[in-house]
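> Sequence and predicted structure are below.
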Amino acid sequence: MRLIFLGPPGAGKGTQAAIIAESFEIPHISTGEILRAHVTQETDLGQKAKDYMERGELVPDQLILDMVQHRLEQSDAQNGWVLDGFPRNVFQADFVATTVLPGDSQAEKEARELRVINLDVPDEILVERLLARGRQDDHEEIIRHRLQVYREQTAPLIDYYGERQQLHHIDGNRSMDEVTQELRQVVSA
């Protein structure tokens, strides 16, 4: 089982990804957690990433891709995984399709079937949820900008996975249990 969770900030993708990963006994993989782990463990990749972070620059795509590939090669990820917050663009999605999910035979491709879950939540609800978290950087103007950036970056991914018939839209504007129940049905289908 290989799952990608897409959704704007506040949609609940991290929470739902963790629930599904635990239910199906596969790792929940967050690029933010991978990045922090490499930096903490002072790996070669972590040192390179730290240099960018200390300069206040974004960590380049290739470095993130190397970290994700390294994580997905670990033994606990061989029977499946849930990616949360990755890919963020079509370049990264192509990487997943060609590097992470390659397979020559039809049986290999079916065994590595990818499902992409997009949690849909109206912007007004997202703003309410994020403001309720009470984080210092969660001001309405900043939240709306983050949502705009997310939509601009993710719209091509929605099309990318939609064209490949791998995309499942889930209404995330319901109770956590209702969303989880629908997710279980989609994932188990």
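Cool, the structure landed. Numbers count the residues shown, from 1 in each chain.
> Quick check: phi and psi at the closest residue to Ser30 other than its chain neighbours.
Spatial nearest neighbour of Ser30, chain neighbours left out: Asp84 (4.6 Å); criterion: CB to CB, 6 or more residues apart in numbering. Any C-beta I mention is one placed from the backbone N, CA and C, and that applies to glycine too. Phi and psi for Asp84, reported as degrees, to the nearest 10, are phi -120, psi 120.
> residues contacting Asp84?
Phe5, Lys13, Gly14, Ala17, His28, Ile29, Ser30, Thr31 (CB atoms under 8 Å, 6 or more residues apart in numbering).
> isn't the third one right next to Ser30, touching?
Yes: with contacts counted by CB atoms under 8 Å, Gly14 reaches Ser30, the gap being 6.9 Å.
> Give me the common contacts of these two.
Joint contacts of Gly14 and Ser30 (CB under 8 Å, 6+ apart) are Asp84, Gly85.
> Pick out whichever of these two has more residues nearby.
Ser30 (21 against 17; other CB atoms under 10 Å).
> I'd say the more buried one and Gly85 touch.
Yes: with contact defined as CB under 8 Å, Ser30 counts as touching Gly85 (5.7 Å).
> measure the residue nearest to Ser30 to Gly14 for me?
6 Å (CB to CB, to the nearest Å).
> Overlap of the contact sets of those two?
Phe5, Ser30.
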